[in-house]
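J.: Build me a model from this:
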Amino acid sequence: MNRRSFIRGAGALAAAGALAGLSGAPAFARRPEQREGWPRKFTIGIYPDDDAAKAIAANESLRAYLEKQLEIPVELFTGTSYSAIVEAIRARRIDAMEVGPFAHVLAVQEAKVEPLVVAIYPRIVRGTLLFDPNAQPYYYSVIFTKKGSGIATLADLKGKTLAFTDPASASGHLMPKTLLFQRGLNPDKDLKTVFAGNHPAAVLAVWNDKVAAGATFEENLYLLANSGQVDTCGFADGINRQRTDAEVRLRYNACKEGQLVIVAFTPPIPNTPFAVRPGLPESFKQAVRVALLDIKNNRELLNKHQRYYDDPTARLKLKKLDDFYNILRAAARFLKLDLTKLR
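T.: Numbering: from 1, shown residues only. Here you go, the predicted structure:
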């Protein structure tokens, strides 16, 4: 699920004000000289998973909003793989993409895309979207088990079966796999690993005793518990918080036999960015950026799109927003991962 504002600097604020005027203004730059070099049509690449029609429907509210704000046609493009979308933006068949953090790293490598903002995913509890102005632009993957399996630490996984989700998943495979290596376990030799196919399936495989442990993004354990499919013993103070090994162990000890329990957390995983191809005018990129940052102020759109956008560059003391994704580049190097084969 991939997984969650402020405009940096006085210069950016001034530029945003010049373009946007008051929050919610329908147009950014009406004079021809302010729109010089703008594309006649703006095409955004999204990854469809297994259902292109569903993916397009889920992003229709964003498409319509940007079309109104930019005053040019906006279209959605779905590719058959992450690599296909990256190739489309490299060839300038599309202008932007929002398809996952590892795919972004590949797109920077292959097509020199520029991230404008990062997606923020508010929690949805019993159908109600909970807007949190302090929500972080990253999330955590966890390795979990059912208490009573004999697994209390990562070391206990040796010789056991663990379910990853999908080979291309950051939170369901690549980051937890990196964590296992870093903690002295070779998942290809020390464990018996399988791919469940998706995040819910990995959790249910553990719940139904098909495998001893699994990997998924943290919130997935809570989502399935809220829907009554599993019993998760989680943290009462919320998700996406950094946890020490001592905190994880303390919570594990307090859980009941038969509950799903977290054994370890990965480092934080950056949320998906909204990135654009090189060559677009600065005025256009700024218009897109301002429009995306303003979604948090539009409750109706927020409820439909179920995410908003942030620029954490200043808050995280980054030189540029793309540096936020260096942790994924390090993981790819560590795993000797060929990002061009992501599917």
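
J.: all strands of the stretch 201-343 of the chain, in order?
T.: 213-217, 260-265, 269-270, 273-276, 308-310 (DSSP state E, counting those that start in this stretch).

J.: how about CSV for these, with mean neighbour count and mean pLDDT added?
T.: Backbone N, C-alpha and C define where each C-beta goes, glycine included. Converted to CSV, the strands of the stretch 201-343 of the chain look like this (neighbours: other C-beta atoms under 10 Å; pLDDT from 0 to 100):
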stretch, mean neighbour count, mean pLDDT
strand 213-217, 29, 97
strand 260-265, 22, 98
strand 269-270, 26, 96
strand 273-276, 24, 98
strand 308-310, 23, 95
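
J.: list the buried ones in stretch 322-329?
T.: Neighbour-count burial for stretch 322-329, with 16 or more other C-beta atoms under 10 Å as criterion, is recorded at Asp322, Phe324, Tyr325, Ile327, Leu328, Arg329.

J.: same question, stretch 56-76
T.: Ile56, Ala58, Asn59, Ser61, Leu62, Arg63, Tyr65, Leu66, Gln69, Leu70, Val74, Leu76.

J.: what's around the closest residue to Val276 other than its chain neighbours, how many residues?
T.: Spatial nearest neighbour of Val276, excluding adjacent residues (C-beta to C-beta, 6 or more residues apart in numbering): Ala96 at 4.6 Å. Burial measure for Ala96: 23 neighbouring residues, criterion other C-beta atoms under 10 Å.

J.: ok so, going back, of all the strands of the stretch 201-343 of the chain, which lies closest to Asp231?
T.: strand 260-265 (6.6 Å; C-beta to C-beta).

J.: For the closest one, which helices and strands make contact with it?
T.: strand 141-146, helix 199-207, helix 218-226, helix 245-254 (3 or more C-beta pairs under 8 Å, 6 or more residues apart in numbering; DSSP states H and E).

J.: Let's have those in JSON lines, adding distance to Lys189 and mean neighbour count.
T.: Shown next, in JSON lines, are the helices and strands packed on strand 260-265 (distance: least, C-beta to C-beta, whole Å; neighbours: other C-beta atoms under 10 Å):
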{"stretch": "strand 141-146", "distance to Lys189": "17", "mean neighbour count": "25"}
{"stretch": "helix 199-207", "distance to Lys189": "21", "mean neighbour count": "22"}
{"stretch": "helix 218-226", "distance to Lys189": "27", "mean neighbour count": "21"}
{"stretch": "helix 245-254", "distance to Lys189": "24", "mean neighbour count": "13"}
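
J.: how about these in a markdown table, adding distance to Val108 and mean pLDDT?
T.: Below are these laid out as a markdown table (distance: least, C-beta to C-beta, whole Å; pLDDT from 0 to 100):
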| stretch | distance to Val108 | mean pLDDT |
| --- | --- | --- |
| strand 141-146 | 22 | 98 |
| helix 199-207 | 26 | 97 |
| helix 218-226 | 26 | 93 |
| helix 245-254 | 33 | 97 |
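
J.: nearest to Lys177, of these?
T.: Among the helices and strands packed on strand 260-265, strand 141-146 sits nearest to Lys177 (C-beta to C-beta), with 9.8 Å.

J.: Run the chain-centre distance for that closest one.
T.: 19 Å (C-alpha atoms, centre = their mean, to the nearest Å).

J.: ok, and what's touching it?
T.: 151, 154, 157, 162, 170-172, 175-176, 179-180, 203, 206-207, 209, 212-218, 221, 258-266, 269 (C-beta atoms under 8 Å, 6 or more residues apart in numbering).

J.: Break down this structure into its helices, ranges please.
T.: Using DSSP state H, the helices of the chain run over 9-20, 52-58, 60-70, 82-90, 101-111, 175-182, 199-207, 218-226, 245-254, 282-293, 299-305, 326-334.

J.: how about low-confidence regions in the protein?
T.: 1-32, 125-127, 342-343 (pLDDT under 70).

J.: Could you list the domains of it?
T.: 9-133+272-341, 141-267 (automatic domain parsing).

J.: quick one: contacts for Leu318?
T.: So Leu318 contacts Pro312, Phe324 (C-beta under 8 Å, 6+ apart).

J.: Kindly export stretch 55-72 (C-alpha atoms) in PDB.
T.: The C-alpha trace of stretch 55-72 is given here as PDB (Å, rounded to 0.1, in the frame of the first residue of the first chain):
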ATOM      1  CA  ALA A  55      -6.500   2.000 -10.600                       C
ATOM      2  CA  ILE A  56      -7.800   4.600 -13.000                       C
ATOM      3  CA  ALA A  57     -11.100   4.900 -11.100                       C
ATOM      4  CA  ALA A  58      -9.100   5.400  -7.800                       C
ATOM      5  CA  ASN A  59      -7.200   8.300  -9.400                       C
ATOM      6  CA  GLU A  60     -10.000   9.900 -11.300                       C
ATOM      7  CA  SER A  61     -10.600  12.500  -8.600                       C
ATOM      8  CA  LEU A  62      -6.900  13.600  -8.700                       C
ATOM      9  CA  ARG A  63      -7.000  13.700 -12.500                       C
ATOM     10  CA  ALA A  64     -10.100  15.900 -12.600                       C
ATOM     11  CA  TYR A  65      -8.700  18.200  -9.900                       C
ATOM     12  CA  LEU A  66      -5.400  18.800 -11.700                       C
ATOM     13  CA  GLU A  67      -7.200  19.300 -15.000                       C
ATOM     14  CA  LYS A  68      -9.300  22.100 -13.400                       C
ATOM     15  CA  GLN A  69      -6.300  23.600 -11.600                       C
ATOM     16  CA  LEU A  70      -3.900  23.500 -14.500                       C
ATOM     17  CA  GLU A  71      -6.500  24.300 -17.200                       C
ATOM     18  CA  ILE A  72      -5.100  21.700 -19.600                       C
END
